[in-house]
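Colleague: Mind looking at a prediction? Sequence and model below.
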Amino acid sequence: MARYAMVTDITKCVGCQACTVACNSEWDVPTGFARTHVHSTGVAGKFPDLISTFYVAQCNHCDHPACITPCPTGATYQAENGIVMVDRDLCIGCGYCVEACPYDARYINPVTKKVDKCDFCWGRIQKGLEPACVATCTAHAKFFGDLEDRESDVYKMVYERGARRLETAEVAIGPNVYYLGKKEHVDLLLATFPPRRPRLLRAGEVWHGYLKPLVLAAIGATFLGQAIAFFHQLYSGEDQFEDWE
Amino acid sequence: MDTKFTRREFLRRSGAAGAAGAIGAASADVHPPGWHGTTRVETIATNCEMCFWRCGALAEVKDGKLLKLEGNPEHPLTQGRLCARGNAGPKLLYDPNRLKQPMLRAGARGEGKFTNINWDQALDFFAQRLIELKAKHGPESVAFFPHGAGSAFFSTLMKAYGTPNSAEPAFAQCRGPREVGYALTFGRALGSPEPVDLENARAIVLIGTHIGENVFTSQVTAFAEGLARGAKLIVVDPRFSVAASKADWWLPIRPGTDIALLLAWMNILIGEDLYDKEYISKYAQGFPDLAAHVKEFTPEWAEAVTEVPANQIRATARAMAAAKPAVALHPGRHTTWYGDDTQRARAMAIVTALLGSWGRKGGIFLPTEIKTGTFALPAFPQSKRPRADGAGTRFPLASEEQGVTNGLVDATITGKPYPIKAWIVYGQNVLESIPQRPRTLEAIGKLDLMVVVDVLPMEQTNYADLVLPEATYLERYDMPQIAQSAKRPYIAIRQPSVEPLYESKPGWWITQQMARRLGLEAYFPWKTPREHLETLVEPLGVNIDELLTRGAVAFSGRPYIDDRLPEDGPLFPTQSGKIELFSPLLKQLGFDPLPRYTPVDEPPVGYFRLIYGRAPVHSFARSQNNAWLDALMDENTAWINEDAARDLRLTDGQEVVLENQDGVKSLPIRVRITQGIRRDCLYMVHGFGHESKRLKLAYHRGASDTELMTRVKVDPIMGATGMRVNFVRVLKAEGA
């Protein structure tokens, strides 16, 4: 089984946003939202001894995703190849996963009212294409591949060249988007854009522990009521509705 | 020696005069209308025109609607990559603010009031006015301001009409100084795309060039590849650019002193015996003169001028020498800075020569000519009067093919050497591309006729008597790109992905219609674009259907000196046949034959030098109304050094107004406080602060740098407008 991952080589990335727009175009992302976006760290240091680099943000398809547990309907799930997917038919747009993601990789699409995020361009991968952001990257700084394939670029970048995850001691959920670069640059990246503590995780736990069974019970009760009404109608005939006409 | 002859010979040999000569006339429909069925899902190969690099693109079209643009992997130069702007092409096509039908001015110039008319009325009006102008004032009274791939057909029309007065900002506001400076040294202008072998370089040197923020897809790819392979990077820039953030050495130079740094580099390369002796003795002339000239320009001297520490000047010179000849000293692109720009380009060319980098792997590579087919056209009428822009006279080494825009503005204002009565503007925004806007407006005020052919209602359309809505690059056929300054020269086509929207029409159709009305049909001896393309590619042995399917076809190139064949002509087509470190031609014309540093004016107390550049998500002043690009950057900011900002009590993000030395005030602009710029200058991205209310997204967002350029310093050698000679101070915005 594959374990898909992405590596951005920040020694090459120039922050040009080609990836952002290609992704917008590929996925019809409403203006003002993004599945992948690029931010400058800003300048650190004192003139003229300065450093600066770019953060290319997207879903990290984490080993232990923070977004799955809070999902009340099971719309968010992880495929065996590691890609965290959203089943749009099941998504109710509650936004719990958006709050839970430490990397702010999700948004509620205002048109579809469903959650949306990077899925490594799964549709393109199935067709044998590279993800849109990788294909268009002007600096050839983005690499996509299988971490279980020792010949892949991403394997070499992660296991031989030391590409790093954006993780802290506090938030370490195994992101599968890696950054390759000088230590000072990756350190700056992590210092500027550390993963945040998942919000509403407790709410999610509350949901799962207490509210969800109650809601399920309520849904069950509704069905039960419907069934009773149905059978009642079946056996009592239609005369009970004559007032409606 | 006869100066006139020598100058012409220079232009001819350098290629500066005939860059577009090979591709003289232009096209019509490659496919009949309706070629794209309304129900088929298709992938159409074409090329991009969000900027002029023309990256290969694949248009995915369904039911006559463009779904997406992808990079075309078959394209020899750009290999499947598109930048943010290229990817945002669909938002230009579907921009609701597009010019939708021909319009005739109904109010005062600048007011923006128009009457809609149909194409017959528009073209009849246009042709009638041109016929009258020719009869009354001669064809030279009509000036043409082209830009971009689509201008080829109009250029043919204007030449056939009989005016020599054509000028595009690509020369006197952009590449001109470097083209002339390198041609003076090596006998060859660089051309576009510029042939810099970044991916094979062992050292990359950028002087003001901000690759990464200035994005040409394949150039960024090659730059990043070069860095990944371990090239040392030297960045000379008063601002901590994205490129500077990747540099081994960032030299935050005092603005305007680059020539001093270059002279000190020469001093070290020669003084420490680090230059490529074999190469210089074999290929160059004038070395003893150069050596004597640079002897006094020590790193210590340069430190006092440039504020770059002498030890860093030494270290960087030695790093270049260690990498020679694989040193890619980028010649720059927008090079019109201080009025001595040809001399700066000369100094860069000389350093390149000393490192043996011209024609060598990892340096500057050589173009390979590809011969396209030609059309049997009648001779163009010879103008009885000289060019009005001073190209060849007032500005002896200016390109007569590309012209001097500001020279045409001058002539329009003064009526000298003769009156200019009409401007035909195609695909450029004269109010944003040419500095000294008040002069441009004064000139426009004197015109009997101004016609603008454009896609969007840019501010200049408000001043036009007639506005013609052109189809976008995604809806039209254009002159194919014939790229000779690529390692593998190539031909790449543009063909429509969808039918033109609204009443817009492709340029080739407009020019053919005009030619018919002006009796100039003989200059357009092809009926369809396909016929035109067939004639062009005939000698290349390319299958036209394959070309239309793949979008581009490459040929073998001979990029390095060792590859060259006799058919490639002389290695250094200068007068002497050698690299001219010392320029006899400049001497003969009364200019410095060896570059020399002349001090620039310093900012008055309380003022910053205004410097400007590009952002990766915008092209010039033409992409700010694109919804996707606007979402990424909807305004520019004024970069100010943190210490300077503290003295002025500014806060980051605060809205201010900039006022220049002549009292011209900008629109409000937000301050960006950063350590990443020197204290003596203020930086802003070009292209914002649009004044056209019909650009709903871009109108009055950010501020215009061009508006603040009321002064220029003109390069006497070739007429370029040095634009980094303006100073601004920061005023608190009202109500802020």
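Modeller: Received, thanks.
Colleague: excluding its backbone neighbours, what's nearest residue 184?
Modeller: Since you didn't name a chain, this refers to chain A. Beyond its immediate neighbours in the sequence, the residue positioned closest to A:Glu184 (C-beta to C-beta, 6 or more residues apart in numbering or on different chains) is A:Ile51, lying 5.8 Å away. Quick note: C-beta positions are derived from backbone N, CA and C, even for glycine.
Colleague: My question was about chain B, not that one.
Modeller: Taking C-beta to C-beta, 6+ apart as the measure, B:Leu184 lies nearest to B:Ser583, with 5.2 Å between them; neighbours along the chain are not counted.
Colleague: From A:Pro198, how far off is that neighbour?
Modeller: B:Ser583 is 67 Å from A:Pro198, where distance means C-beta to C-beta, to the nearest Å.
Colleague: for B:Tyr490, same thing?
Modeller: Taking C-beta to C-beta as the criterion, B:Tyr490 is separated from A:Pro198 by 51 Å.
Colleague: Can you pull the residues of chain A lying near chain B?
Modeller: Within chain A, the positions near chain B by C-beta under 8 Å from any C-beta of the partner chain are A:9, A:11-18, A:20-22, A:24-26, A:31-32, A:42-43, A:45-48, A:50-53, A:135-141.
Colleague: Show me which of these are buried.
Modeller: A:9, A:11-18, A:20-22, A:24-26, A:43, A:47-48, A:50, A:52-53, A:135-141 (16 or more other C-beta atoms under 10 Å in any protein chain shown).
Colleague: I'd guessed A:Phe33 sits against A:Asn109; true?
Modeller: Yes. Using C-beta atoms under 8 Å as the test, A:Phe33 is close enough to A:Asn109 to be in contact (7.0 Å).
Colleague: okay, those two: which has more neighbours?
Modeller: Looking at A:Phe33 and A:Asn109 with other C-beta atoms under 10 Å in any protein chain shown, you find the greater number of neighbours at A:Asn109, namely 20 against 16.
Colleague: per-residue pLDDT, that one?
Modeller: You'll see A:Asn109 listed with a pLDDT of 94.
Colleague: tell me the contacts of the residue nearest to B:Leu184?
Modeller: Going by C-beta atoms under 8 Å, 6 or more residues apart in numbering or on different chains, B:Ser583 touches B:Leu184, B:Thr185, B:Gly286, B:Arg346, B:Pro593, B:Leu594.
Colleague: So which of those residues belong to helices?
Modeller: The members of these that map onto helices under DSSP state H are B:Leu184, B:Thr185, B:Arg346.
Colleague: Grab the most central residue of the chain for me.
Modeller: Going with chain A. Closest to where the C-alpha atoms of chain A average out (C-alpha atoms, centre = their mean) is A:Cys59, at 3.9 Å.
Colleague: switch to chain B, that's the one I care about
Modeller: Among the residues of chain B, B:Ala170 comes closest to the average C-alpha position under C-alpha atoms, centre = their mean, at 3.7 Å.
Colleague: follow-up on the earlier one: from B:Leu67, how far out is the residue nearest to B:Leu184?
Modeller: Noted for B:Ser583: a distance of 54 Å to B:Leu67, by C-beta to C-beta.
Colleague: for B:Leu263, same thing?
Modeller: Remark: distance between B:Leu263 and B:Leu67 (C-beta to C-beta) = 55 Å.
Colleague: Name the SS class of A:Met85, please.
Modeller: Under the three-state scheme (DSSP: H, G, I helix; E, B strand; the rest coil), the conformation of A:Met85 reads as strand.
Colleague: I'd like to know how far it sits from A:Trp122.
Modeller: Applying C-beta to C-beta, one obtains 7 Å for the distance of A:Met85 from A:Trp122.
Colleague: and what of B:Glu567?
Modeller: The gap separating B:Glu567 from A:Trp122 is 52 Å, by C-beta to C-beta.
Colleague: ditto for B:His686
Modeller: Note on B:His686: its distance to A:Trp122, by C-beta to C-beta, is 40 Å.
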